[in-house]
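J.: the following comprises the amino acid sequence and a computationally predicted model.
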Amino acid sequence: MTTHTDSAHILQKRLEGKVVLVTGGGTGIGRAAALAYAREGAKVALAGRRSAEIEATAGEIIAAGGEALPVVADVSLEEDIRRLIAAVIARYGRLDIAFNNAGILGNFSPITQQSSADFDQVIAVNLRGVWLAIKYEIETFLAQNSAGVIINTSSWLTHGALAGSSSYSASKGAIDALIPAVALEYGRQGIRINNINPGIIETPMAHSSVADASAFAPFIEHTPVGRMGQPEDIGDVAVWLATDEARFVTGQSLLVDGGYTIAGIR
Ligand code: NAD
């Protein structure tokens, strides 16, 4: 028998009522993901170092009738991660999904032109920041006695390289190596964890790495789908991984690169 509730369910947004945390949510991929999560009915907490960007993204969501909470936090600092998650719980009472997306390129130059401090900085944000976030997010899911989903932003640079990418590639490769163990540890508690490995995506980070946009031409030429990635290309996958549609996917690092890393003659 078809009831009113059944038909309402058909039209339900995929993440209605869920609480999502997006780090690096003020710009680029994080912003696009935050808007996509909100579109699916989630309440979105946005973290970033700079208040103007995360407040602007939160403002867009609220203006569209959604729920958003900007929290200034540096993901490389344990105290900030703790404070961030506490702020989410204080506001929304729970956490269901985390997109640990904040990252930096660091000093993108040949290894002899990098200092050990440059290396430490990239590792602090891209690896330690993700490790810390995962640890405290899982503690939160366990304390709630609830399922949970974690998605981290890795990179195509774990499947290839650019001159200058050594420290950055190492930081992202480490998070690809990290998540299968966590997937094993907490799968029985209903916790899934996956990485997205974007190709070259048109964001402030990508633009900061080149003198001008003409430098992207060889990447476009090499990409089977024939264009650069857009932040929404990644945001939509971040939503999918968080939905029940991806319920059997865990411990995976998923390339979303328009086919850029496929080896072979073009
Ligand atoms: P972006 O620079 O727009 O976004 C990075 C965000 O992280 C910014 O909002 C920044 O404020 C935030 N951030 C940096 N350090 C932080 C810290 N210590 N604490 C809190 N927030 C911090 O660039 P993006 O391309 O959207 O990058 C998002 C993620 O995607 C990064 O992890 C990046 O490494 C990854 N990525 C990007 C590309 C690309 O081509 N753009 C490709 C592969 C992977």
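T.: Happy to help now that I have it.
J.: Q230 touches I201, doesn't it?
T.: Yes: using C-beta atoms under 8 Å, Q230 is in contact with I201, at 6.7 Å. Where C-beta positions appear, they are placed from N, C-alpha and C, glycine not excepted.
J.: just want the most central residue of this structure.
T.: N101 (3.1 Å; C-alpha atoms, centre = their mean).
J.: what about Q230 and I201, which has more around it?
T.: I201 (24 against 14; other C-beta atoms under 10 Å).
J.: list the contacts of the more buried one.
T.: G28, I29, M228, G229, Q230, P231, D233, I234 (C-beta atoms under 8 Å, 6 or more residues apart in numbering).
J.: next one: it relative to the ligand, how far apart?
T.: 4 Å (C-beta to the nearest ligand atom, to the nearest Å).
J.: if I look at that residue, what pLDDT would I see?
T.: pLDDT for I201: 97.
J.: beta partners for it?
T.: On the basis of DSSP bridges, I201 is bridged to G229.
J.: distance of it from F216?
T.: I201 is 11 Å from F216, where distance means C-beta to C-beta, to the nearest Å.
J.: got any residues that touch both of those two?
T.: M228.
J.: how about the residues of the stretch 151-266 of the chain by the ligand?
T.: T153, S155, W156, P198, I200, I201, T203, P204, M205, A206 (C-beta under 6 Å from any ligand atom).
J.: I89 against A143, yeah?
T.: No: with contact taken as C-beta under 8 Å, I89 and A143 are classed as non-touching, separated by 9.2 Å.
J.: neighbour count: these two, which is higher?
T.: Neighbour tally, I89 and A143, criterion other C-beta under 10 Å: the higher count belongs to I89, 16 against 11.
J.: and the residue in the stretch 51-200 of the chain positioned nearest to the ligand, what pLDDT?
T.: For the stretch 51-200 of the chain and the ligand, the shortest gap (C-beta to the nearest ligand atom) falls at G103, measuring 2.2 Å. pLDDT recorded at G103 is 98.
J.: burial count for the nearest residue to it once chain neighbours are set aside?
T.: Spatial nearest neighbour of G103, excluding adjacent residues (C-beta to C-beta, 6 or more residues apart in numbering): N126 at 4.9 Å. A count of neighbours around N126, defined by other C-beta under 10 Å, yields 29.
J.: can you check A58 too?
T.: What A58 shows, counting by other C-beta under 10 Å, is a neighbour count of 24.
J.: report the distance from the longest helix along the chain to the chain centre.
T.: Looking across the chain with DSSP state H, the single longest helix is helix 166-186. Computed by C-alpha atoms, centre = their mean, to the nearest Å, the separation of helix 166-186 from the middle of its chain amounts to 14 Å.
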